[in-house]
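Visitor: Show me how the following folds:
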Amino acid sequence: MPRILTQNLIPGMVVAEDVYTYNNQLVLLKDTELTDKSITKLEFYSILSVRVREDSAASSPLEEIPQEEMTYSQRIKASADYKEFKANFEGAVEDFKGQVNSLLTATKGSKVDTDGLLKDTNNILRKTPSGLQIFDMLHNMRMYDDPTFAHCMNVALICHVF
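Guide: Here you go, the predicted structure:
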């Protein structure tokens, strides 16, 4: 039974053992099928990883699960829109990281390229048809532990929605 980082958990995986907080408070029972809500609960209690059963439904590739048996989260992750959003997001985070690093090494009095800082965010917004879809995509990108640059990109996209 593999130990999976909480940020990499997928709805449909099954917990292989009881999950407790550091002060011995029970969070999830063994054999609980994970949902978005239970994964959020693990994050709330700062549970870094859990053991999951190897035969968990979500451990198989999404392409092997019939569409009608997929959870909402699995349907989003299997979509072409999600794959494109994820690729654009990852590229935008790397580009943003490079731009911030160049700001840190710039000489005093250098001009800040605000258009360049917003270029990737605006590109993602143009390619994503609605604010609800942006929330769906961001919510299903649990592989990020919210390092500074990914967090900044999330905030920029969410602020635009509001």
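Visitor: What distance do you get for Thr114 to Phe89?
Guide: Distance of Thr114 to Phe89, given as C-beta to C-beta, to the nearest Å: 20 Å. (C-beta placed from N, C-alpha, C; glycine too.)
Visitor: got it, and Gln133?
Guide: Distance, Gln133 to Phe89, using C-beta to C-beta: 13 Å.
Visitor: same deal with His139?
Guide: For His139, the distance to Phe89 - C-beta to C-beta - is 13 Å.
Visitor: the more surrounded of those two?
Guide: Using other C-beta atoms under 10 Å as the criterion, His139 and Phe89 rank with Phe89 on top: 22 against 12.
Visitor: I'd say that one and Ala156 touch.
Guide: No. The pair Phe89 / Ala156 is not scored as a contact, 11.0 Å apart, by C-beta atoms under 8 Å.
Visitor: Dump the helix or strand encompassing Asn122 to CSV, restricted to CA.
Guide: Using DSSP states H and E, Asn122 falls within helix 114-127. Listed next in CSV are the C-alpha coordinates belonging to helix 114-127 (Å, rounded to 0.1, in the frame of the first residue of the first chain):
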residue,chain,number,x,y,z
THR,A,114,3.9,44.9,-16.0
ASP,A,115,2.6,43.8,-19.3
GLY,A,116,5.0,40.9,-19.3
LEU,A,117,4.0,39.9,-15.8
LEU,A,118,0.4,39.8,-16.8
LYS,A,119,0.9,38.2,-20.3
ASP,A,120,0.5,34.6,-19.2
THR,A,121,-2.4,35.2,-16.9
ASN,A,122,-4.3,37.1,-19.6
ASN,A,123,-3.5,34.3,-22.1
ILE,A,124,-5.0,31.7,-19.7
LEU,A,125,-8.0,33.9,-19.2
ARG,A,126,-8.6,34.3,-22.9
LYS,A,127,-8.5,30.5,-23.4
